[in-house]
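*Asks:* Would you be able to build a 3D model of this:
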Amino acid sequence: MRLSLVIALLACLTGCSMFRKGDAPLPVQPEAPTKPDVVTSLGKDLDKTDHRVGAALVAIELNADKPKTVVAESRLAQSYLPKPPEADVAFAMARATKADPIDYQKQMAYGRTLATAVNKAWEKLEAQQAEALRVSQLKDARIKDLTAEIERVKKDASAQTWTLVGAGLAVVGALTTAFMGPRIGVPLLLCGAFCGSVPFIIDSPWFEYAAGATVVISCGLGLWWLADKVRDSVNKPNDDEPKA
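*Replies:* Below you'll find the model as predicted:
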């Protein structure tokens, strides 16, 4: 029995090692959210903010001759943006006071460059999110495969153990039948055959029904035996009664 368990354990370890050698290494998962809704929702909100601010600025430019409209649209645009630092406000006021076209051209070029860099960074984030989702799905699939493989190896090891036990009992039963008679050897042979068939019995789709029926029948027989014993004890003649 110990030898069979050792053989089964070695077979299990060998099967696991062979399976793991065939697996390709998983790629490194980027540090990004795996749910696309996170990036998509945030991107939509940022686009909406940018579009509203850009539209307000266009309205300011087209209504430059209407001071009240310019002030109202400016305040509306600021409501979509975080409050700027005092240093940036002072820098903008100095630029407006100077009103140098060259400074405006330089700042416009800087703004376009910054906007391009932000868009590229956002596209990179979306690509990393897609890659993170792909790698996460690969990991989930690998975990599912490994779990299934572990269950298969356990099942195979159990089947091999029962087979080895059955074979051992069959050999012992045959030797016992030859040297000590069939009265002792045949039950061992039957036990060996039963042990060898246990994996097939368990894998059978009718196993649960058969097991349930066996339990019900056993309970019924037990109740019948108990009732029979009670009935016999009640109907048992009393030796103390006078004989006719």
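
*Asks:* And the next helix or strand past the helix ranked longest in the chain?
*Replies:* If you go by DSSP state H, the chain has its longest helix at helix 101-180. Beyond helix 101-180 on the C-terminal side, the first helix or strand identified by DSSP states H and E is helix 182-203.

*Asks:* In contact with residue 92, which residues?
*Replies:* Each residue near residue 92 by Cβ atoms under 8 Å, 6 or more residues apart in numbering is listed here: residue 84. Heads up, the C-betas are built off the backbone N, CA and C, glycines and all.

*Asks:* From residue 134, how far out is the residue nearest to the spatial centre of the chain?
*Replies:* With distances taken as Cα atoms, centre = their mean, residue 140 lies nearest the centre of the chain, 5.2 Å away. Separation of residue 140 from residue 134 (Cβ to Cβ, to the nearest Å) stands at 11 Å.

*Asks:* low-scoring pLDDT stretches of this protein, where are they?
*Replies:* Scanning the chain for pLDDT under 70 picks out 1-24, 26, 28-41, 201-204, 206-207, 209-211, 214, 236-244.

*Asks:* how does it divide into domains?
*Replies:* For the chain, the domain assignment from automatic domain parsing gives the residue ranges 36-137, 205-234.

*Asks:* Serialize these to JSON lines and add fields for distance to residue 177.
*Replies:* Written out in JSON lines, the entries for the domains of the chain read as follows (distance: least, Cβ to Cβ, whole Å):
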{"stretch": "domain 36-137", "distance to residue 177": "59"}
{"stretch": "domain 205-234", "distance to residue 177": "29"}
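
*Asks:* Nearest to residue 195, out of those domains?
*Replies:* domain 205-234 (15.8 Å; Cβ to Cβ).

*Asks:* mind listing what's buried in that closest one?
*Replies:* Taking 16 or more other Cβ atoms under 10 Å as the neighbour-count basis, domain 205-234 is seen to contain no buried residue.

*Asks:* ditto for stretch 123-132
*Replies:* Buried residues in stretch 123-132, counting neighbours by 16+ other Cβ under 10 Å, are found at 125, 128, 129, 131, 132.

*Asks:* now do stretch 56-65
*Replies:* By 16+ other Cβ under 10 Å, the buried positions in stretch 56-65 come out as 56, 59, 60.

*Asks:* helix, strand or coil for the last one?
*Replies:* The assignment at residue 60 comes out as helix when based on DSSP: H, G, I helix; E, B strand; the rest coil.

*Asks:* Excluding sequence neighbours, find me the nearest residue to it.
*Replies:* Distances taken as Cβ to Cβ, 6 or more residues apart in numbering put residue 73 closest to residue 60, at 4.7 Å, once the chain neighbours are dropped.

*Asks:* what about the one you found, how many neighbours?
*Replies:* Residues contacting residue 73 under the criterion other Cβ atoms under 10 Å number 20.

*Asks:* Would you confirm that it contacts residue 61?
*Replies:* No - the pair formed by residue 73 and residue 61 falls short of the contact definition of Cβ atoms under 8 Å, at 9.5 Å.

*Asks:* ok, so what distance separates the residue nearest to residue 173 when sequence neighbours are not counted from residue 175?
*Replies:* Residue nearest to residue 173 in three dimensions, not counting chain neighbours: residue 188, with 3.2 Å by Cβ to Cβ, 6+ apart. With the distance defined as Cβ to Cβ, residue 188 ends up 9 Å from residue 175.

*Asks:* Count the neighbours of the nearest residue to residue 176 once chain neighbours are set aside for me.
*Replies:* The spatial neighbour of residue 176 that comes closest, neighbours along the chain excluded (Cβ to Cβ, 6+ apart), is residue 185 at 3.7 Å. Neighbourhood size, residue 185 [other Cβ under 10 Å]: 18.

*Asks:* Repeat that for the one 5 residues further on.
*Replies:* When neighbours are counted by other Cβ under 10 Å, residue 190 registers 13.
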